[in-house]
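Asks: Predicted coordinates and the sequence they were generated for:
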Amino acid sequence: MTLSRETPPICDYEGSNYCTDFWEGRGREYEDLVERIALRRLLPPTGQRLLEIGAGFGRLTPMYNGFEQVVLLDYSKSQLRQAQARLGRGDRYTYVAADFYHPPLADSLFDAATMIRTIHHAQDVPLVLRQVRRVLAPAGTFILEFANKRHLKAILRYWLRRQTWNPFDPEPVEFVELNFDFHPRWMAERLREADFTIERRLTVSHFRVPLLKRCLPARLLAAADGLVQWTGRWWQLSPSVFIRARQDKLGPPPSPTAFFRCPRCTGTDWHSTESLLTCRTCGARWAVDDGIYDFKAPLD
Ligand SMILES: C[S@@+](CC[C@H](N)C(=O)[O-])C[C@H]1O[C@@H](n2cnc3c(N)ncnc32)[C@H](O)[C@@H]1O
C-alpha cells in the first residue's frame, strides 16, 4: 500500500502477477466471458479516443478496437509493461502510469471511458467520478463496473448469520483492506452527484457459483448470463453490475492541442523528448520510461 498526503491510499499492484494469479488457468473463463458480453452491449461501436482506467495488463483492451486511440491508465508500471507486451507500441495505445484520483489528462479529452474491476479499490469514489467527468467530453460515455454488496449470496449469508455486514446498508463495505463492495443505489447517487445520467444497467455474473462452474461449460453458463443481464434494469442481485452513463456537464469543447495535464500545476504546454516531458508552466519533469508516461512522481 502506498500513502501520500493528498492522495487517498492506493492498492498497489506493482510487481504483482495479477494475470497469472487471478485469470490464466484460474477457472475464471466464465467471468471473463460475461464481462465481454456486457461490455459489447454497452460500448459505443466506434469513437475517437477512449480512456481505460485501471487497465491492468490489458485483458479487455482489444475490446476497444473501434476507437482510434486508447489511453491505458494504471498506477502499476509493471501491469502496463505487461499490457505493452501484449498490445504492442505505436500510436494506437498510450500507456500512462498515474493514480485515478489525479489523471494527468486534459479536460474533455475523451469521448468514452471505462473502469472495470477497478473502482472497488477506490476509497474516495466521488473524487474519482469528478475526475472522470472532467476528462470526458460533453455527452461522453462512461462504462463503470462495480462489485455489488447487495447480491443474492451476500443476502443469504446475512440472513443465515454467516456474515456480519448488512448488504442492505447503503454505505460501502471494505471486506479486505482497499477492496470495497458498493450498494447499487449508493453508486447511482454518486454518479448523479457527478453529473452523470445512467442510461443502462446490466447485472453480470449471476452464475458465479463454484458448483455450477464445475458442472457446466463456461460458454454455456456465460450464454445463460447473457440472457438475464438485461434484468439489471429493474433489480440488481448479481455480484457485478455494469452501468453505462452519459456525462451531462456543459462545457467548452476540448482544446485541439492539449493532451497531458501537469499533475503539479495543471498546465498543458510541454517540451517533450523521447524520455522526458517538461511542463513549460511549472518546470516539473516527468519520465517517459520506454514508452510509459510516468506521472506517479516528478523527477525533481
Ligand atoms: C483488479 S485489476 C483490473 C484490471 C482490468 N481492468 C481488468 O479487468 O482486467 C485493478 C487495476 O486497478 C489498478 N489500480 C488500483 N488502484 C489504482 C489507482 N488508485 N489508480 C490507478 N490504478 C489503480 C491496479 O493497478 C490494477 O491494475
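Replies: Yep, that arrived. Remember, it's a predicted structure, so these values are computed and weren't measured experimentally.
Asks: which strands and helices sit next to the longest strand seen in the chain?
Replies: The longest strand of the chain (DSSP state E) is strand 136-147. Strand 136-147 makes packing contacts with helix 29-42, strand 110-115, helix 184-193, strand 240-247 when contacts are defined by 3 or more CB pairs under 8 Å, 6 or more residues apart in numbering; DSSP states H and E. All C-beta atoms are positioned from the backbone trio N, CA, C, and that covers glycine.
Asks: Could you pull out the buried residues of it?
Replies: Residues of strand 136-147 classed as buried: 136, 137, 140, 141, 142, 143, 144, 145, 146, 147 (neighbour count, 16 or more other CB atoms under 10 Å).
Asks: wait, which of these is closest to residue 221?
Replies: residue 145 (18.4 Å; CB to CB).
Asks: looking at it, that closest one is touching residue 53, isn't it?
Replies: No - the criterion here is CB atoms under 8 Å, and residue 145 misses it with residue 53 at 10.8 Å.
Asks: Need the overlap of contacts for those two.
Replies: Common neighbours of residue 145 and residue 53, using CB atoms under 8 Å, 6 or more residues apart in numbering, are 115, 118.
Asks: which secondary element of this structure has the worst mean pLDDT?
Replies: helix 18 (a mean of 91; mean pLDDT, DSSP states H and E).
Asks: Give me the distance from it to the chain's centre.
Replies: 15 Å (CA atoms, centre = their mean, to the nearest Å).
Asks: Centre of the chain to stretch 233-248, how far?
Replies: That offset, for stretch 233-248, works out to 14 Å (CA atoms, centre = their mean).
Asks: Pretty sure residue 76 sits against residue 10.
Replies: No - taking contacts as CB under 8 Å, residue 76 lies outside contact range of residue 10: 9.5 Å.
Asks: Tell me the residues on the stretch 1-150 of the chain that lie near the ligand, please.
Replies: 10-11, 13, 18, 54-56, 59-60, 74-76, 79, 99-100, 116-118, 121 (CB under 6 Å from any ligand atom).
Asks: So which of those residues are in helices?
Replies: 18, 79 (DSSP state H).
Asks: Nearest residue to the most centrally placed residue in the chain in space, please, no chain neighbours.
Replies: The chain has residue 115 as the residue nearest its centroid, 1.9 Å off, counting by CA atoms, centre = their mean. Using CB to CB, 6 or more residues apart in numbering and skipping residues adjacent in sequence, the residue nearest residue 115 is residue 53, 4.3 Å away.
Asks: residues contacting the one you found?
Replies: 73, 100, 103, 113, 114, 115, 118, 128, 132.
Asks: now do the same end-to-end measure for stretch 72-83.
Replies: Terminal residues of stretch 72-83 are spaced 9 Å apart (CA to CA, to the nearest Å).
Asks: quick one: the strands in this protein?
Replies: 47-53, 67-74, 93-97, 110-115, 136-147, 173-176, 179-181, 196-204, 240-247, 270-272, 276-279, 285-289, 292-294.
Asks: mind listing what the first one pairs with, with the direction of each?
Replies: Each strand paired with strand 47-53, and its direction, by DSSP bridges: strand 67-74 (parallel), strand 110-115 (parallel).
Asks: Ok, the third one next?
Replies: In the sheet containing strand 93-97, its partner strands are strand 67-74 (parallel), strand 292-294 (parallel), by DSSP bridges.
Asks: which one of those strands lies closest to residue 193?
Replies: strand 67-74 (22.5 Å).
Asks: how much distance is there from the closest one to the middle of the chain?
Replies: How far strand 67-74 lies from its chain's middle: 12 Å, per CA atoms, centre = their mean.
Asks: go on, stretch 250-269?
Replies: From the chain centre to the centre of stretch 250-269 is a distance of 21 Å (CA atoms, centre = their mean).
Asks: Could you do stretch 192-208 as well?
Replies: The answer for stretch 192-208 is 13 Å, by CA atoms, centre = their mean.
Asks: Repeat that for stretch 131-141.
Replies: 14 Å.
Asks: neighbouring contacts of it?
Replies: 43-44, 51, 53, 100-103, 105-113, 115, 142, 194-196, 244-251, 253-254.
Asks: Selection in PyMOL covering whichever of those are buried, please.
Replies: To isolate the buried members of the contacts of stretch 131-141 in PyMOL, using 16+ other CB under 10 Å:
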select buried, resi 43+51+53+100+101+102+103+105+106+107+108+109+110+111+112+113+115+142+194+195+196+244+245+246+247+254
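Asks: Report the residue spans of the stretch 101-250 of the chain with pLDDT below the cut-off.
Replies: The stretch 101-250 of the chain contains no residues with pLDDT under 70.
Asks: circling back to that earlier point, residues in contact with the least confident helix or strand of the chain: which ones?
Replies: By CB under 8 Å, 6+ apart, helix 18 touches 56, 57, 79.
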